[in-house]
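Colleague: Have a look at this prediction, sequence included:
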Amino acid sequence: MSAAPILKIAGLQAKVADEVELGILKGVDLEIKPGEIHAIMGPNGSGKSTLAKVLAGHPGYEPTDGSVTFAGEDLLEMEPDERSLAGIFLAFQYPVDIPGVSIANFLRTAVQARQPEGEDLDIFEFSDHLTERMEMLEMDVSFAERHVNDGFSGGEKKRNEILQMAMLKPRLAVMDETDSGLDIDALQIVAKGVNKLTEEDPEMSILLITHYQRLLNFIKPDFVHVMVNGRIARSGGPEVAIALEEEGYKTYEGQEAPSTNGSAPAA
Amino acid sequence: MPQNETIQDLDLDEYKYGFVTEGKPVFRAEKGLSEEVVRQISAHKEEPEWMLDFRLKALKVYESKPMPTWGGDLSDLEKVLSEIYFYVRPQDRMQHSWDDVPEEIKDTFEKLGIPEAERKILAGVGAQYESEMVYHSLREEWSNQGVIFDSIEDGLKNHPELFREHFGTVIPTHDNKFAAMNSAVWSGGSFVYIPKGVSLNTPLQAYFRVNQERMGQFERTLIIVDEGAHAHYIEGCTAPVYSTESFHSGVIEIIVKKNARFRYTTIQNWSNNMYNLVTQRATVAEGGHMEWLDGNLGSKLTMKYPSCYLMGEGAHGEILSIAYSGDGQHQDTGGKVVHVAPYTTSSIVSKSISKGHGRSTYRGLCKVYEGAHHARSNVECDALLINDTSRTDTYPYIEIEENDANVGHEASVSKIGEEQLFYLTSRGIPEEEAMAMIVRGFIEPIAKELPLEYAVELNRLIELEMEGSVG
Ligand SMILES: Nc1ncnc2c1ncn2[C@@H]1O[C@H](COP(=O)(O)OP(=O)(O)O)[C@@H](O)[C@H]1O
Ligand SMILES: [Mg+2]
């Protein structure tokens, strides 16, 4: 593929916003082209979720060095809502409760935000579309009236994330451990849904963050990266994931990443 | 047990059970309020002798009671009271012009999309509300069923016995300083009687009451719901009430008789120079059912604790309240439930939102008398803080004399979380809209009980209030 990357991360470093030290990302490089599926694997605490949240613009993290370009624009300059409108979607590892706000209302507002200035969403079209998406994910339509994540089981939360993704049609979906908390049946339904979306839009890219090889049996990645201690320690094809499954992460312990931009980890 | 006692016998005034004040009585007669003024009001309304006596006695009680210090800050109030007119004839009140209404208020009307004619009424400048065809047919239907829906003045004139039998029985003059003040100078308000077994499907709206003051500064409302009757009464609206006066002190008395059901809904949004001190209370007889749905926005200080006195076996009382305090505002609100009889049940759900330097206080009383066995009560109060500068306090008073009673209390305070905002904005929803969404979600359990048009207005108002809250 020779297309320009949709996402280009170069030498990205980030820390917790209010802390002086606590560098978490220590120089991440990653390029994703339209239509590619990348997986990031790595031990707990290696910085995977932090990378996902920095991409979506979480105010709790502050990029300190490096750059992120999305569709040719400086992503780090954009507010979270602008990033979403530009085509970034984050499926949360831990989706947040919004009591009193129905899924239908929430999604209607999010879809409305994508309408051209001054144009109102066609409410009937929207609700047909929502019903169709819910059927695709084998969700009961009554689910749309439930309050966002309020009292949901782990599996319901994850499925709700994918429903949002299906409604908002991102150019790049970052899926943070969508597989955890899903039983095998639910995992297959979710994977089928995601594959359907990539069929509908072959240009859509996916960054799958996962702990386990399991999900990668259903959503086949083009590239697999291993993240260790705030850096990408290894990149390759699907064979990297297979090797990890057998060997675990211990081969990476204590290993310094092949630093491309030469910036040393802080303190 | 005191099942057949009157409210007076219960001796449950605000100064007991936590609503306690300390401090010396006020001896100085207010410049604005005097015996002369009270006599004038009564004479102007051509009242019977007993009402003049009632007013004069109330004035004495008012003067003897100290300014309460247990609630919001009333330290400025004496000054305010010395400058106000305690009685303004309706025709004089209506004479400001549309041009005098502050831009800010006009702007809000505009944004809320309120029709021109209605705006003028709300701003206190219009002529009388144009009576609508709908209203005429409703009115006819009601009067065929024997329903009385009048101004309080007409109630006294046209139904003297019914009026006298109930007036002042639910909220005795000595109940609290402001109830006493209202008893001395009341003017405007509604008189409602729903006859035995009559069930109204359409809510009675104070709006519909033509040819009278809609909402006085010292409004007084008396509602009698006779045995087995069902009705819903709505007062106020979500548009800000603009008033040149800075003081409002109402008294609302409701009598729910055996097996009757009644709901009283108020949504009020005062301009923020206003002291709003209201006493509203219902007595509920055997098998009766009373609900207060109370929304308070705006004002400088609101002190308002709708209450239900459950006097008969199996009576049920419910209080749902929403308070919103913006910068420089203090909502000191809550509810009181008093269980006098066995098998009585009650619930209080209170939600407050404080933004900027706004402050909300929940103050509630649950009292169970000995003999009110199998009484059950549940209180839930939740506060939402929008900014770090917002403040909330909770004062739940619980007093139980009966062993066989079940009283629960839950309180929560939450701040609009960074995580919630991030979640919504990460879906493309702008931050202000995301905030409004969280706030609307927070009050949803109560807002869904409102008639649709009120819920819609309330939601729009919250959106307006959230403008400029980001940053
Ligand atoms: N808000 C935060 N405050 C302090 N430490 C944090 C914060 N967020 C993440 N960390 C730390 O950064 C490291 C990476 O976390 P995270 O990105 O969640 O890892 P992963 O998703 O790979 O398990 C962990 O050591 C975690 O404790
Ligand atoms: Mg994680």
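Modeller: Ah, there it is. Ligands and ions are numbered 1, 2, ... in the order given.
Colleague: And what about the residue sitting furthest away from the middle of chain A, helix, strand or coil?
Modeller: Centroid-distance maximum for chain A: residue A:118 at 30.1 Å, with Cα atoms, centre = their mean. Secondary structure for residue A:118, judged by DSSP: H, G, I helix; E, B strand; the rest coil, is coil.
Colleague: Helix, strand, or coil at the residue nearest to residue A:212 when sequence neighbours are not counted?
Modeller: Leaving aside its chain neighbours, residue A:212 sits nearest to residue A:179 (6.6 Å; criterion: Cβ to Cβ, 6 or more residues apart in numbering or on different chains). No exception for glycine: its C-beta is placed from N, CA and C like everyone else's. Residue A:179 falls in the coil class when you classify it by three-state DSSP.
Colleague: if I look at residue A:179, how far off is residue A:89?
Modeller: Going from residue A:179 to residue A:89 by Cβ to Cβ, to the nearest Å gives 17 Å.
Colleague: Kindly state the pLDDT recorded for residue A:192?
Modeller: With respect to pLDDT, residue A:192 scores 93.
Colleague: and it, what element?
Modeller: Residue A:192 is part of helix A:184-200 when elements are defined by DSSP states H and E.
Colleague: quick one, the next helix or strand after that helix and helix A:184-200 angle?
Modeller: Downstream of helix A:184-200, the first helix or strand assigned by DSSP H and E is strand A:205-209. For strand A:205-209 against helix A:184-200, the angle by axes from the mean of the first three to the mean of the last three Cα atoms, to 10 degrees is 160 degrees.
Colleague: hmm, back to that, the helix holding residue A:192 - contacts with which helices or strands?
Modeller: Counting by 3 or more Cβ pairs under 8 Å, 6 or more residues apart in numbering or on different chains; DSSP states H and E, the packing neighbours recorded for helix A:184-200 are helix A:154-168, strand A:172-176.
Colleague: Looking at these, which is nearest to residue A:69?
Modeller: strand A:172-176 (11.9 Å; Cβ to Cβ).
Colleague: sorry, back to before: check the helices and strands packed on helix A:184-200 for me and report the most buried one.
Modeller: Ranked by mean neighbour count under mean count of other Cβ atoms under 10 Å in any protein chain shown, the helices and strands packed on helix A:184-200 are led by strand A:172-176, which reaches a mean of 25.
Colleague: Neighbouring strands - and their directions - for that one?
Modeller: Sheet pairing here is set by DSSP bridges, and for strand A:172-176 it gives strand A:88-91 (parallel), strand A:205-209 (parallel).
Colleague: returning to that earlier point: which one's more surrounded, residue A:179 and residue A:89?
Modeller: Between residue A:179 and residue A:89, residue A:89 has the larger neighbour count (other Cβ atoms under 10 Å in any protein chain shown), namely 25 against 21.
Colleague: now the helix holding residue A:192 and helix A:154-168, what's the angle there?
Modeller: Relative orientation of helix A:184-200 and helix A:154-168, computed by the same axes, to 10 degrees: 10 degrees.
Colleague: Can you give me the buried ones in helix A:184-200?
Modeller: A:186, A:187, A:189, A:190, A:191, A:193, A:194, A:197, A:198 (16 or more other Cβ atoms under 10 Å in any protein chain shown).
Colleague: Give me the neighbour count for the nearest residue to the fifth one once chain neighbours are set aside.
Modeller: I take that to be residue A:191. Closest residue to residue A:191 apart from its sequence neighbours, by Cβ to Cβ, 6+ apart: residue A:218 at 3.4 Å. Using other Cβ under 10 Å, residue A:218 has 16 other residues around it.
Colleague: swap in residue B:332?
Modeller: Neighbours of residue B:332 (other Cβ under 10 Å): 24.
Colleague: Would you tell me what the next helix or strand after the helix or strand containing residue B:157 is?
Modeller: Per DSSP H and E, residue B:157 falls inside helix B:152-158. Next in sequence after helix B:152-158, counting helices and strands by DSSP H and E, comes helix B:160-166.
Colleague: Just list what that following helix packs against, helices and strands only.
Modeller: If you count contacts as 3+ Cβ pairs under 8 Å, 6+ apart, helix B:160-166 packs onto strand B:220-225.
Colleague: how much distance is there from the helix or strand following the strand it packs on to the middle of the chain?
Modeller: Helices and strands here follow DSSP H and E; after strand B:220-225, the next one along the chain is strand B:230-236. Relative to its chain's centre, strand B:230-236 lies at 12 Å (Cα atoms, centre = their mean, to the nearest Å).
Colleague: which residues touch strand B:230-236?
Modeller: By Cβ atoms under 8 Å, 6 or more residues apart in numbering or on different chains, the residues outside strand B:230-236 that reach it are B:190, B:192, B:194, B:198-200, B:203-207, B:215, B:221, B:223, B:225, B:260-269, B:451, B:454.
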